[in-house]
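A.B. asks: Here's a sequence, model it:
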Amino acid sequence: AAPAATRIMAAKILKANIEEVRANVRGEVYFVSMGDYNTIPTDAPHPFNDVILNKTEWEGALVDSEEFARQEVPELNESLLPGSYWFGGEKNWNKLDRIFVSQNLADKRGADLVPSTFFILKDERLMQRTIPTTGPFANEDIMIPRRFDSFATTQETMGFSDHLPIGVE
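C.D. replies: Model (predicted):
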């Protein structure tokens, strides 16, 4: 199956599992789903917009913690990197890594995530300097994730990952 179709299937499975738990558990239930979803904005159909986050189609739609945090605490738009993954081909940031929560963790009543604590870890030990020659950051001196290099000969050049960790309390 095409990657977008496979991701839609995975989103529908997540939705079905959440609905099953909701139907079988009494009282308040909270959901957190996180990881590298490997989904980009141009995917169509889109597993987030069309399934997971779609409040029109699903009463139990989840909330993207990063979008929620950036909306609730506008200063984060200045301090956070534009994404957690640097896509070298397009010379641009992307948001492949996500933390989705149930609406009751973002409703400002009781147990909630704390929007001001959302982070994309930009520790200098995980990053390297680059100056892209093309793309939206052309000619800017920026820091990007230091990708893991299995052929590296020293620990300093080995790198870590092409994704930066994200988190929220």
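A.B. asks: Now do the contacts for residue 138.
C.D. replies: The contact partners of residue 138, taken as Cβ atoms under 8 Å, 6 or more residues apart in numbering, are 91, 132. Bear in mind the C-beta positions are built from the backbone N, C-alpha and C, glycine included.
A.B. asks: and what of residue 69?
C.D. replies: Contacts of residue 69 by Cβ under 8 Å, 6+ apart are 76, 113, 115, 116, 117, 118, 168.
A.B. asks: how about the CA coordinates for the one helix or strand it maps to, as CSV?
C.D. replies: Assigned by DSSP states H and E, residue 69 belongs to helix 65-72. Extracted in CSV, the C-alpha atoms of helix 65-72 (Å, rounded to 0.1, in the frame of the first residue of the first chain):
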residue,chain,number,x,y,z
SER,A,65,0.1,19.2,21.8
GLU,A,66,2.6,21.3,19.8
GLU,A,67,-0.2,23.2,17.9
PHE,A,68,-2.1,23.6,21.2
ALA,A,69,1.0,24.9,23.0
ARG,A,70,2.0,27.3,20.2
GLN,A,71,-1.6,28.7,20.2
GLU,A,72,-1.9,29.0,24.0
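A.B. asks: and for the helix or strand following that helix, what are the contacting residues?
C.D. replies: Next helix or strand after helix 65-72 toward the C-terminus (DSSP H and E): helix 76-79. The contact list for helix 76-79 (Cβ under 8 Å, 6+ apart) reads 69, 70, 115, 116, 118.
A.B. asks: mind checking pLDDT for the residue nearest to the last one when sequence neighbours are not counted?
C.D. replies: By that I understand residue 118. Spatial nearest neighbour of residue 118, excluding adjacent residues (Cβ to Cβ, 6 or more residues apart in numbering): residue 69 at 3.5 Å. On pLDDT, residue 69 comes in at 98.
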